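> for reference, the sequence and a predicted model appear below.
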There are 4 protein chains.
Amino acid sequence: MELIAEQGYSATTVDDIAARAGVAKGTVYYNFQSKTVLFEELLRHGIGLLTAEFRAAVAGLPPREALAALVRAELEYIRRYRAFAQLLLSEMWRTNREWQQTLRLLRGEAIEVIAETVRAGVASGDLPADLDVRTASSALFGVGLVVAVDWLVFQPERPLEDVEDALLSIVRRVAEV
Amino acid sequence: MELIAEQGYSATTVDDIAARAGVAKGTVYYNFQSKTVLFEELLRHGIGLLTAEFRAAVAGLPPREALAALVRAELEYIRRYRAFAQLLLSEMWRTNREWQQTLRLLRGEAIEVIAETVRAGVASGDLPADLDVRTASSALFGVGLVVAVDWLVFQPERPLEDVEDALLSIVRRVAEV
Amino acid sequence: MELIAEQGYSATTVDDIAARAGVAKGTVYYNFQSKTVLFEELLRHGIGLLTAEFRAAVAGLPPREALAALVRAELEYIRRYRAFAQLLLSEMWRTNREWQQTLRLLRGEAIEVIAETVRAGVASGDLPADLDVRTASSALFGVGLVVAVDWLVFQPERPLEDVEDALLSIVRRVAEV
Amino acid sequence: MELIAEQGYSATTVDDIAARAGVAKGTVYYNFQSKTVLFEELLRHGIGLLTAEFRAAVAGLPPREALAALVRAELEYIRRYRAFAQLLLSEMWRTNREWQQTLRLLRGEAIEVIAETVRAGVASGDLPADLDVRTASSALFGVGLVVAVDWLVFQPERPLEDVEDALLSIVRRVAEV
DNA sequence: GATGAATGAGGGTTCATTCAT
DNA sequence: GATGAATGAACCCTCATTCAT
């Protein structure tokens, strides 16, 4: 995960992976069908973690607070797994890739947590009735990713709290009934 | 441009490029120092086009209208050069790439147009005084990219006008003094 | 070794080497870092052999006999590894080559055996006191090489013993106190 | 000549040659059938020069003095065209080269001048009667080349006069009736 | 369960040569 | 007489994958 997240998929060789894992190259193939499958499982692991944190963040909170909690959870995740976040940003909107299917599925699972929150908010009247659930959810996910990574890459001296404030204030305005 | 934008840098071979261009492989190397340089010139060309359209869009407009015009110009550009936009989204926030230097420079030129507009708006009082110019400009650029590409990739049936409306309304709210 | 010695470094492709060795091309690269490194190891092997035979030839002999033994050892070596000797003659005095460093080192080791003999002879008074050790050693090495190879290439019908006699008589005259 | 002598045949591209000559690449092919032919003419020119100097050196001298003059002429030539001499040393005893035929011919012409001197000396009784003309001539030529170049490459700090003295004294002893 | 030597398809790059202008 | 854009064969090298042990 460290290697591929830092260097990218193509730049990371199976030799590298085996060496970092402290096993022989054959062992990688003993445990994974192919490099592609290994990468898919990496994506599964990484996005699964994010989805789990999304779930933990919203647990028991009312819609508007849950929304804020999701933003915080995403930023926190990106801060902790910065390289993986960059990887996601690179791969998420690409087409013609072998693992595209898998990635869409995983993206769907993560966004579904956001969607549930939005859906509940719309139903309870806490969020605007004309808010398109699917659109709002995926936009929130994507915007959080790009804004946070942009900050990390191009303005690393700034504290991530600033991003959080900016994003939360925007979300709040958009979420106003 | 079509090939690399569609398949990505590594997946596109120089053979592919030569074949698509209808020339021999040697001809590619007669015109470009290396595959990397070719890609850099591709980036230069593509982002140069965007920068030019940014400049054309804001010409003579007052700050708030210029901001809206920039959003429209970016979306229009992404609609027209969809594959290139995906490429940008994939490469813009990666590190450890040979063309990173070039990309950062070009990104800076494009964002500078946005920054000039924001700066003028803050100076004239049309935009909030506490708006951080650098941050706001790069965020606007990034958000437009990810939201539009997300739409194109995951909800292609929706008209791009919806994205435009959504983005413009957000920008307007954030830009309120 | 046969291939490179016969055709030269550039004219011998890695494909050739793999084919002659009866392995796949990748196998060559699994065992050698690069074609250059392979060639360096070839030089190391070949010159190492010569150095070893030099050492064996002089073992226990008094200076003047040792000198004659060295000439005989060199000629015998050239006869046995004719192609390699030609290779040495071609590469030894070239500059601007990647393996130059390696070659100089190996040359130094081989010549050092000769030098030890000459030095001992000068010290014991068996050889002229004004003989420059370094010069005499490298000249002896080079002359043996060029005279023997010249004979092999341009007058192959002549027995090598003639060269031996000629060289030994010259060495003896020069070595006279 | 400068380029090929310094970098070697393979390392010098036709582009290099054209650039150094200040003409277009096509012009090189307008004047020379191929790179090989160009190299052959280079050899012809370079060795022709040496042959001419040999002829000039021996003109009118008695055999033993002519022999000494030849040694001096060869060394002087090597000093002046050092890179070309290294090139000769590299190519002269190689086999399986395209220009081998040409090179042998040219070598023959140069050595013939030496041979004429030796032959005359043997006939007149100035040189030992049992001296093999062909062998002696080619050996003198080769030894001069390798000893002088060795000196230039491995002991460049020493004056070439030392080599001259050493070679002349050897030649004199060998030439003693 | 684990290994690592071996593979070979495929990639980027070079460069002598050609030929229309 | 001269040019230089275009060529394509050939080269060195990489690396995901296999398989006998």
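Yep, it's here.
> could you list the low-confidence segments of chain A?
By pLDDT under 70, the weakly predicted segments of chain A are A:177.
> now do the SS call for A:Thr95.
Of the three states, A:Thr95 takes coil according to DSSP: H, G, I helix; E, B strand; the rest coil.
> whoops, A:Glu157 was the one
Secondary structure for A:Glu157, judged by three-state DSSP, is coil.
> return the residues in contact with A:Val149.
Residues near A:Val149 by C-beta atoms under 8 Å, 6 or more residues apart in numbering or on different chains: A:78, A:82, A:85-86, A:89, B:93. (C-beta placed from N, C-alpha, C; glycine too.)
> mind redoing it with 6 Å?
A:85-86, A:89, B:93 (C-beta atoms under 6 Å, 6 or more residues apart in numbering or on different chains).
> now swap in A:Ala120 and tell me
Residues near A:Ala120 by C-beta under 6 Å, 6+ apart: A:Pro63.
> make it 10 Å
Taking C-beta atoms under 10 Å, 6 or more residues apart in numbering or on different chains, we find A:Ala120 in contact with A:58, A:62-63, A:66, A:126-127, A:133.
> so which strand or helix has it?
Remark: A:Ala120 resides in helix A:100-124, with elements defined by DSSP states H and E.
> on that earlier part again, would CSV of the contacts of A:Ala120 with neighbour count and distance to C:Met1 be doable?
Listed next are the contacts of A:Ala120 as CSV, based on neighbours: other C-beta atoms under 10 Å in any protein chain shown; distance: C-beta to C-beta, whole Å:
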residue, neighbour count, distance to C:Met1
A:Val58, 21, 71
A:Pro62, 13, 80
A:Pro63, 21, 78
A:Ala66, 22, 74
A:Asp126, 18, 81
A:Leu127, 23, 78
A:Val133, 18, 73
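> what is the nearest of those to DNA strand E?
Lowest distance from DNA strand E to those (C-beta to the nearest atom of the strand) belongs to A:Val58, with 38.2 Å.
> which parts of chain A are helices?
With DSSP state H, the ranges of helices along chain A come out as A:2-7, A:14-21, A:25-31, A:35-58, A:63-80, A:82-91, A:100-124, A:133-154, A:160-175.
> can I get those in JSON lines including distance to B:Glu116?
Output for the helices of chain A, formatted as JSON lines (distance: least, C-beta to C-beta, whole Å):
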{"stretch": "helix A:2-7", "distance to B:Glu116": "35"}
{"stretch": "helix A:14-21", "distance to B:Glu116": "44"}
{"stretch": "helix A:25-31", "distance to B:Glu116": "51"}
{"stretch": "helix A:35-58", "distance to B:Glu116": "37"}
{"stretch": "helix A:63-80", "distance to B:Glu116": "29"}
{"stretch": "helix A:82-91", "distance to B:Glu116": "27"}
{"stretch": "helix A:100-124", "distance to B:Glu116": "35"}
{"stretch": "helix A:133-154", "distance to B:Glu116": "18"}
{"stretch": "helix A:160-175", "distance to B:Glu116": "21"}
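> reformat the ones you listed as TSV; add distance to DNA strand F.
Formatted as TSV, those follow (distance: least, C-beta to the nearest atom of the strand, whole Å):
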stretch	distance to DNA strand F
helix A:2-7	10
helix A:14-21	4
helix A:25-31	4
helix A:35-58	4
helix A:63-80	27
helix A:82-91	16
helix A:100-124	15
helix A:133-154	24
helix A:160-175	33
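> thinking again about what came up before, closest to chain D out of the contacts of A:Ala120?
Ranked by distance to chain D (C-beta to the nearest C-beta), the contacts of A:Ala120 are led by A:Val133 at 63.5 Å.
> ok so, going back, tell me the two of the contacts of A:Ala120 that are most distant?
Maximum pairwise distance in the contacts of A:Ala120, criterion C-beta to C-beta, is 17.1 Å, between A:Pro62 and A:Val133.
> coming back round to it: right, and the helices of chain A - which one's nearest B:Ser34?
B:Ser34 lies closest to helix A:2-7 among the helices of chain A, at 20.2 Å (C-beta to C-beta).
> any residue of that closest one up close to chain B?
Yes: contact of helix A:2-7 with chain B (C-beta under 10 Å from any C-beta of the partner chain) involves A:6-7.
> could I get the buried residue list for that helix?
Across helix A:2-7, burial judged by 16 or more other C-beta atoms under 10 Å in any protein chain shown covers A:3-7.
> what's that helix in contact with?
A:9-13, A:16-17, A:19-21, A:35, A:38-39, A:42-43, A:46, A:81-88, B:95-97.
> A:Val71 contacts A:Val174, doesn't it?
No: between A:Val71 and A:Val174 there is no contact under C-beta atoms under 10 Å: 11.7 Å.
> who touches both of the two?
Taking C-beta under 10 Å, 6+ apart as the criterion, A:Val71 and A:Val174 both touch A:Leu140.
> quick one, which of these two is more surrounded?
Per other C-beta atoms under 10 Å in any protein chain shown, whichever of A:Val71 and A:Val174 has more neighbours is A:Val71, with 22 against 19.
> how about that one: what's its closest non-neighbour residue?
Nearest non-adjacent residue to A:Val71, counting by C-beta to C-beta, 6 or more residues apart in numbering or on different chains: A:Leu167, 5.3 Å away.
> does A:His45 really touch A:Phe84, like I thought?
Yes: in this structure, A:His45 is within contact of A:Phe84 by C-beta under 10 Å, at 9.4 Å.
> settle it for me: which of those two has more neighbours?
A:Phe84 (23 against 12).
> quick one: that one from chain D, how far?
Note on A:Phe84: its distance to chain D, by C-beta to the nearest C-beta, to the nearest Å, is 46 Å.
> so how far is chain C from that residue?
When A:Phe84 is compared with chain C (using C-beta to the nearest C-beta), they lie 33 Å apart.
> and if you look at A:Glu161?
49 Å.
> so what's that residue up against?
A:Leu75.
> how about the one 3 residues further on?
Residues touching A:Glu164, when contacts are defined by C-beta under 10 Å, 6+ apart, comprise A:68, A:71-72, A:74-76, A:79, A:144, A:148.
> which one is A:Arg82 nearest to, not counting chain neighbours?
Closest to A:Arg82 by C-beta to C-beta, 6+ apart is A:Leu152, at 5.9 Å.
> list the contacts for that neighbour?
A:78-79, A:82-83, A:85-86, A:158, A:160, A:163, B:93, B:95.
> do you know how far it is from C:Ala57?
Here A:Leu152 is placed at a distance of 69 Å from C:Ala57 (C-beta to C-beta, to the nearest Å).
> neighbours of the closest residue to A:Glu76 other than its chain neighbours, how many?
Leaving aside its sequence neighbours, A:Glu76 sits nearest to A:Glu53 (C-beta to C-beta, 6+ apart; 7.5 Å). Number of residues near A:Glu53 (other C-beta under 10 Å) recorded here: 19.
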